[in-house]
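*Asks:* A structural model of the following input is requested.
(one chain, ligands or ions: 1)
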Amino acid sequence: MIAKVVLERKREGHALGSAEIREFVEGFTRGDIPDYQMSAFAMAVCCRGMTTRETADLTDAMMRSGECLSWTAPTADKHSTGGVGDKLSLVIQPVVAACGVVVPSLVGRGLGLTGGTADKMETIPGYNCSQPLARFQEIAASVGVSVAVQTDEICPADKKLYALRDVTGTVASIPLITASILSKKLAEGAHTLVFDVKCGRGAFMKTPEDARALADSLVAGARAAGRLSCALVTDMNAPLGFAVGNANEVAEALAMLGAPGFDVDVARLSDTVGLSLELAARMVSLEKGMPLGDARAMCSEKLADGSALAKFKAMVSAHGGDLDRFAGMLQTPTFKFRIQAMRSGRVSGIDAEKVARVALALGAGRAMAGDRIDPLAGVTLAVRVGDKVTVGAPLATLETTSEPEALERLAADLLKAFAISSGHCEPGGLVLSEVG
Ligand code: URA
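*Replies:* Predicted structure coming up:
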């Protein structure tokens with residue numbers, strides 16, 4: 001394989017052969033193919049696309065660039081393309097584990113508007129996401145669920161390639177996104193993979209068409225690799241639930257799992273709990289080969305009877321976390337600022353992207369890789385879309401442990417996220433479409 005010839009062929013729009021793709025990725029991982037040629041490859045794929053077969057070959061080559069785990073027990077995982085207030089994994093994973101399906105979840109650290117699942121879990125004092133792979137496997141097998149960060153042994157080709165894509169304008173490509181997400185999930189080894197592809201203002205994919213194309217591509221890729229898979233395309237125009245941040249999202253997830261003592265109105269989170277159960281049920285149904293209705297009933301039961309909460313607690317303790325100290329940490333004094341409705345009416349929209357930008361500025365996310373996250377920073381909404389408000393009613397609270405002088409300016413930005421109108425407004429359902 002001559003790298004320049006592969007690049008020329010892709011530039012002209014030809015489908016590359018499986019061996020060409022494999023050798024190109026192997027050469028790049030070894031350091032024989034330099035960054036400039038891989039950047040040109042990424043740009044050619046962005047402009048010319050890839051067939052389903054090429055995408056599967058690229059995914060496979062990237063997966064094989066590092067360690068690949070395997071499991072004998074039933075295993076499933078869920079991947080979300082990233083949303084605002086998206087703490088669903090924290091509910092889904094223990095529910096699925098309580099149904100007898102192991103959830104080995106290797107996650108990336110959040111980079112962008114809000115923290116990722118690892119950042120949220122690490123707000124629990126003592127919780128260590130950085131586990132050696134062998135310990136991660138041990139915890140997942142014994143507890144039924146483990147959330148840890150991807151080590152350098154998992155898909156090194158993706159790490160190197162993503163760093164190039166990030167600075168060469170080549171992130172926005174369905175085949176490259178598919179290979180990047182899927183190679184890491186395939187390396188984790190779960191037999192069933194369910195995708196939650198977010199769509200809307202607060203999502204990576206802004207339009208239903210793009211979100212659907214990514215969902216189709218992820219499911220096709222997972223199936224080409226011999227896994228069971230389906231995807232939901234779900235609405236991400238308004239934040240999920242009330243909490244957007246890290247510790248406040250963990251508290252909300254704990255409340256959804258039935259833990260007492262958290263100041264969260266779970267009765268008003270039926271959409272968020274409902275979507276968590278829909279995704280969990282698909283993981284259980286595919287992996288256990290049972291009808292979706294039965295899987296839904298099983299997941300609801302495991303959430304209601306406290307078995308899912310017990311799994312969550314067991315996972316936290318296996319990772320060294322301390323939930324009593326977490327509850328104490330939530331009482332730490334912070335700087336807070338409350339915003340109020342300037343007019344009466346119905347909340348007809350809460351712009352997820354605007355909320356996330358404020359949460360990021362408060363310290364809840366990373367503007368640059370390596371930035372420190374403030375676990376207590378974030379936004380907690382007081383209302384949801386469809387709620388009736390009168391002038392002066394609380395809309396949200398901003399919270400941070402540093403830079404209180406920025407609070408007033410950010411509060412003004414946050415206010416712009418709320419649309420209040422005089423007409424009637426019913427929130428739509430979260431599931432927009434399904435693949436699988
Ligand atoms: N998330 C990933 O892991 N990779 C991408 O390319 C985009 C989002």
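*Asks:* would you mark the buried spots in stretch 201-211?
*Replies:* Buried residues in stretch 201-211, defined by neighbour count with 16 or more other C-beta atoms under 10 Å: Arg201, Gly202, Ala203, Phe204, Met205, Lys206, Asp210, Ala211. Any C-beta I mention is one placed from the backbone N, CA and C, and that applies to glycine too.
*Asks:* by proximity to the ligand, which residue of the stretch 201-350 of the chain wins?
*Replies:* Phe204 (6.3 Å; C-beta to the nearest ligand atom).
*Asks:* surely that residue meets Ser80?
*Replies:* No - assessed by C-beta atoms under 8 Å, Phe204 is found out of contact with Ser80, at 10.1 Å.
*Asks:* now do the strands in the stretch 51-200 of the chain.
*Replies:* 76-80, 103-107, 145-149, 192-199 (DSSP state E, counting those that start in this stretch).
*Asks:* so which of those is nearest the ligand?
*Replies:* strand 76-80 (8.7 Å).
*Asks:* helices or strands up against that closest one?
*Replies:* helix 88-98, strand 103-107, helix 174-188, strand 192-199, helix 270-288 (3 or more C-beta pairs under 8 Å, 6 or more residues apart in numbering; DSSP states H and E).
*Asks:* what is the rounded mean pLDDT of stretch 420-434?
*Replies:* Summarised as a single mean, pLDDT over stretch 420-434 is 91.
*Asks:* what's the end-to-end length of that stretch?
*Replies:* Stretch 420-434 has an end-to-end distance of 31 Å (C-alpha to C-alpha, to the nearest Å).
*Asks:* what comes up buried for that stretch?
*Replies:* Result for stretch 420-434 [16+ other C-beta under 10 Å]: buried residues Ile420, Cys425, Pro427, Leu430, Val431, Leu432.
*Asks:* and what of stretch 300-313?
*Replies:* Ser300, Lys302, Leu303, Ser307, Ala308, Leu309, Ala310, Lys311, Phe312, Lys313.
*Asks:* I'd like the average pLDDT over it.
*Replies:* For stretch 300-313, mean pLDDT is 98.
*Asks:* domain ranges for the protein?
*Replies:* 3-49, 76-326, 328-421 (automatic domain parsing).
*Asks:* deepest in the core, which of those domains is it.
*Replies:* domain 76-326 (a mean of 22; mean count of other C-beta atoms under 10 Å).
*Asks:* which secondary structure element is home to whatever residue of the stretch 251-400 of the chain ends up closest to the ligand?
*Replies:* As assessed by C-beta to the nearest ligand atom, the ligand sits closest to Ala369 within the stretch 251-400 of the chain, at 13.2 Å. Assessed by DSSP states H and E, Ala369 sits outside every helix and strand.
*Asks:* any idea how far it is from Thr334?
*Replies:* Distance, Ala369 to Thr334, by C-beta to C-beta, to the nearest Å: 26 Å.
*Asks:* now swap in Met283 and tell me
*Replies:* Met283 sits 36 Å away from Thr334, going by C-beta to C-beta.
*Asks:* the ligand contacts on the stretch 151-300 of the chain?
*Replies:* Tyr162, Val171, Leu176, Ile177, Ser180, Ile181 (C-beta under 6 Å from any ligand atom).
*Asks:* list just the nearest of the residues you listed to Arg223.
*Replies:* Ile181 (14.6 Å; C-beta to C-beta).
*Asks:* quick one, strands of the stretch 251-400 of the chain?
*Replies:* Under DSSP E, counting those that start in this stretch, the stretch 251-400 of the chain gives strands at 335-340, 345-350, 378-381, 388-389, 394-400.
*Asks:* show me where pLDDT drops low in the chain?
*Replies:* For the chain, the stretches with pLDDT under 70 are 111-112, 114.
*Asks:* in it, what residue is nearest the ligand?
*Replies:* Ser180 (3.4 Å).
*Asks:* excluding chain neighbours, give the residue nearest to that residue in space.
*Replies:* Closest residue to Ser180 apart from its sequence neighbours, by C-beta to C-beta, 6 or more residues apart in numbering: Asp158 at 5.2 Å.
*Asks:* over to Ala396?
*Replies:* Nearest one to Ala396, counting by C-beta to C-beta, 6+ apart, is Leu381 at 4.8 Å.
*Asks:* does that neighbour touch Asn248 like I think?
*Replies:* No - with contact defined as C-beta under 8 Å, Leu381 and Asn248 do not form a contacting pair (10.1 Å).
*Asks:* find the residues that touch each one of these two.
*Replies:* Residues touching both Leu381 and Asn248 (C-beta atoms under 8 Å, 6 or more residues apart in numbering): none.
*Asks:* next helix or strand past the helix or strand hosting Leu7?
*Replies:* Using DSSP H and E, Leu7 maps to helix 3-11. Per DSSP H and E, helix 3-11 leads on to helix 18-30 as the next helix or strand towards the C-terminus.
*Asks:* quick one, the helix or strand just after that following helix and helix 18-30 angle?
*Replies:* Where DSSP H and E defines the elements, the next helix or strand beyond helix 18-30 is helix 35-48. Relative orientation of helix 35-48 and helix 18-30, computed by axes from the mean of the first three to the mean of the last three C-alpha atoms, to 10 degrees: 140 degrees.
*Asks:* ok, residues contacting helix 35-48?
*Replies:* Taking C-beta under 8 Å, 6+ apart as the rule, helix 35-48 contacts 3-4, 6-7, 10-11, 13, 24, 28, 160-161, 164-165, 168-170, 172-173, 175-176.
*Asks:* ok, 7 Å please
*Replies:* Around helix 35-48, the neighbours that count as contacts under C-beta atoms under 7 Å, 6 or more residues apart in numbering are 3, 7, 10-11, 13, 24, 28, 161, 164-165, 168, 170, 173, 175-176.
*Asks:* from those residues, which is closest to Arg338?
*Replies:* Looking across the contacts of helix 35-48 and measuring by C-beta to C-beta, the closest to Arg338 is Arg165, at 40.2 Å.
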